[in-house]
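Asker: sequence first, then the predicted structure, then my questions.
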Amino acid sequence: MARRNLGIILNGATGGICSTQHLANVLGPIRAEGGLKIGNDVIVPKLLLLGRNEARLEEVARANGVDDWSTDLDAALGDEEYQIFFDAAATHLRLDLLKRALAAGKHIYTEKPVAPSVADGLALLKEAEASGLKHGAVEDKIYAPGYLKMASLVDDGFFGRIGGFRLEFGWWVFDGIEAPSQRPSWNYQKSGGGGLLSDMYPHWRYVLERMLGPIKHVVAATTTTLADRADEAGNAYTADVEDSAAVIVETEAGAIGTVVSSWTTRVRGEDLVRFQIDGTGGSAVAGMRRCYRQSANDTPLIKGFNLGTEDDAMTYHVDHTAAWHEVPAGAPYKNPYRYGWEQFLSHVVVDTPMVSDLRAGIRDVQMAEACQTSVITGAWVSMAPVT
Ligand SMILES: NC(=O)c1ccc[n+]([C@@H]2O[C@H](COP(=O)([O-])OP(=O)(O)OC[C@H]3O[C@@H](n4cnc5c(N)ncnc54)[C@H](O)[C@@H]3O)[C@@H](O)[C@H]2O)c1
């Protein structure tokens with residue numbers, strides 16, 4: 001078994017998602033383990049951290065035991081030691097960067113959204129396919145333990161005929177005035193590629209279709225709850241994109257449900273996301289970590305709102321969580337982003353199939369775009385596959 005390096009450029013390396021999930025939680029540990037066995041070889045990621053701020057790059061590199069960093073994009077793209085270009089920089093820069101990486105002969109792996117529009121994504125796909133280079137898109141949420149447990153119920157046929165579902169997600173993102181904001185300011189500006197629909201609905205596309213099959217159409221409404229915000233430097237700006245969205249979804253199989261997301265909601269419950277599926281065979285509720293199920297046999301006979309006498313009404317309590325059972329853990333779980341990296345590295349090295357390729361990433365963009373169109377027209381928008 002040979003051990004060999006595989007060069008990977010990490011663009012946007014100092015950013016929130018790249019420095020934590022991709023670098024510190026996935027590629028760093030793979031390097032610390034001595035590499036990843038792929039085919040007959042052990043592949044060791046050789047990393048080049050790319051970004052704008054030399055001092056910050058050095059800091060992140062040193063913290064993660066990486067020797068190479070640079071602010072010179074052209075030099076990085078011209079360096080043949082690096083075969084893969086990974087982009088996790090700000091969204092609005094992505095399309096151009098990925099095209100340049102392909103033109104430089106690099107395989108591309110990218111954070112979501114893969115492109116600003118479906119049309120842009122398809123043009124990028126055309127270039128990728130013509131080049132013969134490999135492509136992949138990050139679709140991490142499906143590998144959260146709670147969703148893996150729910151997917152196992154789907155695969156076991158637990159739900160029977162699925163009629164409905166609802167996914168609720170969010171927390172309060174401070175405005176930068178009252179308290180420091182937990183998210184970058186570009187998230188709240190159109191010019192920076194921000195907006196809740198393009199940020200979160202690409203994720204909900206692959207989560208929903210993994211569990212429920214193809215989406216038929218969507219209808220959406222959005223609002224901006226907190227328009228007055230301050231950026232990282234304390235400068236006031238006006239958020240010109242939505243921070244709350246409610247979307248109704250119908251699947252090709254006839255299930256209907258809602259996907260409600262908000263950066264201006266307060267959490268009460270076990271998790272930041274709650275996804276419920278209801279079928280004739282049973283229901284399940286998943287968060288990122290846990291999943292609970294109630295089978296048809298366990299379903300209690302609820303007779304309606306029985307508030308009893310006036311005194312009873314305040315005290316009488318039925319525990320509706322009682323008839324639910326936690327779905328046990330399956331095989332040991334990995335960091336959700338690691339599943340994608342392992343698949344992509346294997347795809348590059350030994351040509352194994354890549355489920356989350358650019359085509360999948362474009363369908364994720366299609367979901368966000370369909371919601372955006374619906375907000376403007378007020379109508380249902382088709383999710384028929386684009387070619
Ligand atoms: N898969 C997920 O769950 C997930 C979660 C968060 C973010 N993301 C995606 O990852 C990307 C980065 O998000 P983040 O939250 O880490 O953002 P961030 O603002 O923390 O990081 C963005 C990076 O881009 C760089 N950058 C910003 N503007 C630039 C410019 N004009 N020129 C060159 N570089 C610039 C910054 O220096 C930084 O390194 C986004 O596309 C976002 O959609 C995905």
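Answerer: All right, it came through fine.
Asker: restrict the helix or strand containing Ala130 to CA atoms and write it as CSV.
Answerer: Following DSSP states H and E, one finds Ala130 within helix 118-131. What follows is helix 118-131, C-alpha atoms only, in CSV (Å, rounded to 0.1, in the frame of the first residue of the first chain):
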residue,chain,number,x,y,z
VAL,A,118,-29.6,27.6,-12.2
ALA,A,119,-28.6,29.0,-15.6
ASP,A,120,-25.1,29.9,-14.2
GLY,A,121,-24.8,26.5,-12.6
LEU,A,122,-25.7,24.7,-15.9
ALA,A,123,-23.1,26.7,-17.8
LEU,A,124,-20.5,25.7,-15.1
LEU,A,125,-21.6,22.1,-15.4
LYS,A,126,-21.1,22.2,-19.1
GLU,A,127,-17.5,23.5,-18.7
ALA,A,128,-16.8,20.9,-16.0
GLU,A,129,-18.1,18.0,-18.1
ALA,A,130,-16.2,19.2,-21.2
SER,A,131,-13.0,19.3,-19.1
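Asker: once you drop chain neighbours, what's closest to Gln276?
Answerer: Among residues not flanking Gln276 along the chain, Val285 sits closest, at 4.7 Å (Cβ to Cβ, 6 or more residues apart in numbering). Glycine gets a C-beta too; all of them are placed from N, C-alpha and C.
Asker: quick one: residues contacting that neighbour.
Answerer: Val285 makes contacts with 274-276, 291-293, 324, as judged by Cβ atoms under 8 Å, 6 or more residues apart in numbering.
Asker: just the residues you listed now: which is nearest the ligand?
Answerer: Phe275 (15.5 Å; Cβ to the nearest ligand atom).
Asker: could you give the bridge partners of the residue nearest to Gln276?
Answerer: Beta-bridge partners recorded for Val285 (DSSP bridges): Gln276, Tyr292.
Asker: relative to Cys291, how far out is it?
Answerer: Applying Cβ to Cβ, to the nearest Å, the value for Val285 to Cys291 is 7 Å.
Asker: what segments of the stretch 1-150 of the chain are strands?
Answerer: Listed in chain order, the strands of the stretch 1-150 of the chain (DSSP state E, counting those that start in this stretch) span 2-11, 36-38, 41-50, 68-70, 82-87, 107-110, 135-137.
Asker: pLDDT on the fourth one, on average?
Answerer: Across strand 68-70, pLDDT averages out at 98.
Asker: ok, residues contacting it?
Answerer: Under Cβ under 8 Å, 6+ apart, the answer for strand 68-70 is 13, 46-51, 54, 57-58, 60-61, 76.
Asker: cool, the third one as well?
Answerer: Defining contact as Cβ under 8 Å, 6+ apart, one finds that strand 41-50 is touched by 1-14, 23, 27, 30-31, 34-37, 57, 60-61, 66, 68-71, 73, 76, 79, 81-82, 345, 349.
Asker: which residues touch the residue in the chain positioned nearest to the ligand?
Answerer: The nearest approach of the chain to the ligand comes at Gly15, 2.3 Å away (Cβ to the nearest ligand atom). Contacts for Gly15 (Cβ under 8 Å, 6+ apart) come out as 51, 88-90.
Asker: do Asp175 as well
Answerer: Counting by Cβ under 8 Å, 6+ apart, Asp175 touches 181, 226, 228-230.
Asker: taking these one by one, which sit in strands?
Answerer: Mapping these onto strands (DSSP state E) picks out 228-230.
Asker: about what we covered before: hmm, which two among the contacts of Asp175 are most spread apart?
Answerer: Largest separation among these by Cβ to Cβ: Ser181 and Asp228, giving 11.9 Å.
Asker: out of those two, which sits in the busier spot?
Answerer: Applying other Cβ atoms under 10 Å to Ser181 and Asp228 shows that Ser181 carries more neighbours, namely 20 against 11.
Asker: nearest spatial neighbour of that one, chain-adjacent residues omitted?
Answerer: Distances taken as Cβ to Cβ, 6+ apart place Phe174 nearest to Ser181, at 5.2 Å, with adjacent residues excluded.
Asker: any idea how far the residue sitting furthest away from the middle of the chain is from His320?
Answerer: Distance to the chain centre peaks in the chain at Thr309, reaching 48.2 Å (criterion: Cα atoms, centre = their mean). Distance of Thr309 to His320, given as Cβ to Cβ: 21 Å.
Asker: still on that earlier bit, right, is the helix holding Ala130 up against the ligand?
Answerer: No. Counting by Cβ under 6 Å from any ligand atom, the ligand is not contacted by helix 118-131; separation bottoms out at 13.7 Å.
Asker: also stretch 359-370?
Answerer: No. Counting by Cβ under 6 Å from any ligand atom, the ligand is not contacted by stretch 359-370; separation bottoms out at 10.4 Å.
Asker: give me the contacts around that stretch.
Answerer: Here stretch 359-370 makes contact (Cβ under 8 Å, 6+ apart) with 110, 112-118, 121-122, 125, 137, 139, 197-198, 201-206, 209, 215, 217-218, 220, 381-383, 385-386.
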